[in-house]
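>>> For reference, the sequence and a predicted model appear below.
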Amino acid sequence: MTGPARSRTRLKRWRKDYFGSPGAALMTLFSVAALGAILWFLIDWGLIRATFGTDGTQKTCAAAGGACWSVIAVRWRVILFGIYPFDEQWRAALACGVVALVILLSCIPRLWSFRRLALIWTLGTAVFYALMRGGVLGLVPVNEQQWGGLPLTLFVFVATGVIGMPLAIGLALLRRSDYPLIARVSGWIIDTIRSLPLLSILFTCAIVLPFMLPGFLIGEKLYRVVFGAALFFAAYQAEIIRGGFQGIPLGQEEAAKALGLSYWQRMGRIVLPQAFRLALPATINQFVIAFMETSLIVVVGFMELLAAGNTAFKTGDWKFAYAEVYVFIALIYFTFVFGLSRYGAYLEARMNAGHARD
Amino acid sequence: MDLTAPAIDIAGLDKFYGNFHALKGIDLRVAKGEKVVICGPSGSGKSTLIRCINQLEEHDGGAIRVFGTALDDSLASLDEIRREVGMVFQQFNLFPHMTVLENCTLAPMLVRKAARAEAEATAMRYLEKVRIPDQAQKYPGQLSGGQQQRVAIARALCMQPEILLFDEPTSALDPEMIAEVLDVMVTLAQEGMTMVCVTHEMGFARKVADRVIFMDKGEIVEEAAPEDFFTAPKSERTRLFLSQVLGH
């Protein structure tokens, strides 16, 4: 079919799909108008009439009538790094870069071997920790209580996943154990954690645990909170993995047994890879939720990204500019989560490519 | 492993599913190089019997020996026996997330600790034997049922087992694909592999079996050379079964 002919049939399709009846036509026109209005407002507010640069004030911004991006230009370091010492914030920025790099590296299928991933993550974590905490290589020590903003959010998210995922796999495997007692206990643990709100778990870890644990086990509050978040993540993820197990035909494990594979070989090579493939959409979803939930640690006194943003406009000069700050923070969250979802979609497509007909 | 002992020696095997007595004191001895075909109506316990040999089903009484190694409660004896006993399933059970070649090299590399190059060379040799070396890089989902079953046979052969168990290997295949799988099985039989096949392919039994065993209700009803089994069955139940299987 030639070019014009094809575009004519497409036009025909569109007319049928969107203007097939008076109602549909009305709906289409209304939707287009509404979308256009929203888009126009955003461009007008956010770009055309907006004030950029560090010298905007409430007065000049109000006169221009658009967004006052000056608040970001002036206060971005508070938003991104919270109360991390001003002169050391290059370390926090570098630490964010390290985390981003580690995440990007782990997304490359060629690096997917246990040894390589373990190496990347151990190294990445060590560098991140050295940069943030200091006390080595002549870096000024910075207490965990002073961590804030994006590096804190990333740290909590990554640590939740890194601790939570092995825990989840462990719980899920125990739950399908051949020994009824072990399976039942694992089920109880999962159900108990799932019956508790995340906030109460975070509170317990931050405030109640120190009274109950022996001194040497208490540790820094941040790590207790991360552990709580990881436990919560693990309970949900374990159920997601269990769902994956249920989609695998029984014959798969039998075939692996008949070939003489040991339990761990069967799990590592046959059962878990297939379970994760089946559970991928739900797993990505769980990671997105975990990323959003990092903002809850503000209630136990941590200034993560959202809380740092809140303080950025709480000073006298910028009280009016909360919308701009929230839009900025929303864009940061959006970048990470949208990237995560797209990556999930890529993985699914990649996995399905090999299984065209099963 | 004592290769001079009987390949399989089963004595007084009992298996229960709850109150259901699935295997009632089965005695069966298979010599090295022997081909035994087990047939019988569905629910007769024939699959359960061969699945006990590599302990996909745990038996509740009696003894199983494979080349003299007793299946006791120790994991070591189970590992040893599974290494020497390959199995081909009705549903193929290929690993869908691995290529054909990876399916064939996985166990030799993990269990036999073979080097990758060596395992791949062995795999290609057996894929040629089952006549699909050109599919090595494909995934199981891209193959036909007959091709998948031949890969499954190659995968079992790659462990270089002494015994192969076949659990209704052609029952899930479209009719036009049965022959290609049976051809491979006949070749294996002619090369002297010890085989225990649960199958309803009576033509195959006639052609290669040294012995045909008829099971019903968890018991061995009749056991004979194929010639006698098909022409002069002794038991009424065997005659009825044969008339149903061969009668069309």
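Right, received. Where do you want to start?
>>> quick check: mean pLDDT across the lengthiest helix in chain A?
Using DSSP state H, we find that the single longest helix of chain A is helix A:322-353. In this model, helix A:322-353 has a mean pLDDT of 86.
>>> Which elements pack onto it?
Other helices and strands packing on helix A:322-353, by 3 or more CB pairs under 8 Å, 6 or more residues apart in numbering or on different chains; DSSP states H and E, are helix A:70-81, helix A:272-293, helix A:305-312. The way it works is simple: take the backbone N, C-alpha and C, and place the C-beta from them, glycine included.
>>> quick one: that helix to helix A:272-293, angle?
180 degrees (axes from the mean of the first three to the mean of the last three CA atoms, to 10 degrees).
>>> Could you give me the buried positions within helix A:322-353?
For helix A:322-353, the neighbour count (16 or more other CB atoms under 10 Å in any protein chain shown) marks A:324-325, A:327-329, A:332-333, A:336-337, A:340, A:344, A:347 as buried.
>>> Run the angle between it and helix A:70-81 for me.
60 degrees.
>>> List the contacts of the spatially most central residue of chain A.
With distances taken as CA atoms, centre = their mean, chain A has residue A:291 as the residue nearest its mean C-alpha position (3.1 Å). Residues in contact with residue A:291 (CB atoms under 8 Å, 6 or more residues apart in numbering or on different chains) are A:157, A:333, A:336-337, A:340.
>>> For residue A:300, which non-adjacent residue is closest in space?
In space, residue A:300 comes closest to residue A:206 once its chain neighbours are excluded; the distance is 3.7 Å by CB to CB, 6 or more residues apart in numbering or on different chains.
>>> wait, the one you found sits on residue A:224?
Yes: Residue A:206 is within contact range of residue A:224, at 6.2 Å (criterion: CB atoms under 8 Å).
>>> Which of the two has more residues huddled nearby?
Legend: neighbour count by other CB atoms under 10 Å in any protein chain shown for residue A:206 and residue A:224, higher for residue A:224 (22 against 19).
>>> Leaving out chain neighbours, which residue sits closest to the more buried one?
Nearest to residue A:224 is residue A:205, by CB to CB, 6+ apart, at 4.3 Å.
>>> now swap in residue A:336 and tell me
Nearest residue to residue A:336, sequence neighbours excluded (CB to CB, 6+ apart): residue A:291, at 6.2 Å.
>>> neighbouring contacts of the lengthiest helix in chain B?
The longest helix of chain B (DSSP H) is helix B:175-190. For helix B:175-190, the external contacting residues (CB under 8 Å, 6+ apart) are B:35, B:129-131, B:144-146, B:149-150, B:153, B:157, B:164, B:166, B:169-170, B:173, B:195, B:197, B:201, B:203-204, B:207-208.
>>> how about low-confidence regions in chain B?
In the predicted model, chain B carries pLDDT under 70 at residues B:247-248.
>>> now do 80
B:1, B:73, B:247-248 (pLDDT under 80).
>>> residues from it in reach of chain A?
Contact residues, chain B versus chain A (CB under 8 Å from any CB of the partner chain): B:54-56, B:79, B:82-83, B:85-87, B:89, B:91, B:93-97, B:99, B:106-107, B:110-111, B:139-142, B:152, B:155-156, B:159.
>>> need the next SSE after the lowest-mean-pLDDT helix or strand in chain A, C-terminal direction.
Across the helices and strands of chain A, mean confidence by mean pLDDT, DSSP states H and E is lowest for helix A:215-218: a mean of 73. Proceeding N to C from helix A:215-218, the next assigned helix or strand is helix A:221-246, under DSSP states H and E.
>>> Contacts for stretch A:300-314, please.
Under the criterion CB under 8 Å, 6+ apart, residues A:71, A:75, A:78-83, A:145, A:147-150, A:152-153, A:156, A:202-203, A:205-207, A:221-222, A:225, A:294-295, A:297-298, A:318-322, A:325-326, A:328-329, A:332-333 lie in contact with stretch A:300-314.
>>> just the buried members of those residues?
Buried among the contacts of stretch A:300-314 by 16+ other CB under 10 Å: A:71, A:75, A:78-82, A:147-150, A:152-153, A:156, A:202-203, A:205-206, A:221-222, A:225, A:294-295, A:297-298, A:318, A:321, A:325, A:328-329, A:332-333.
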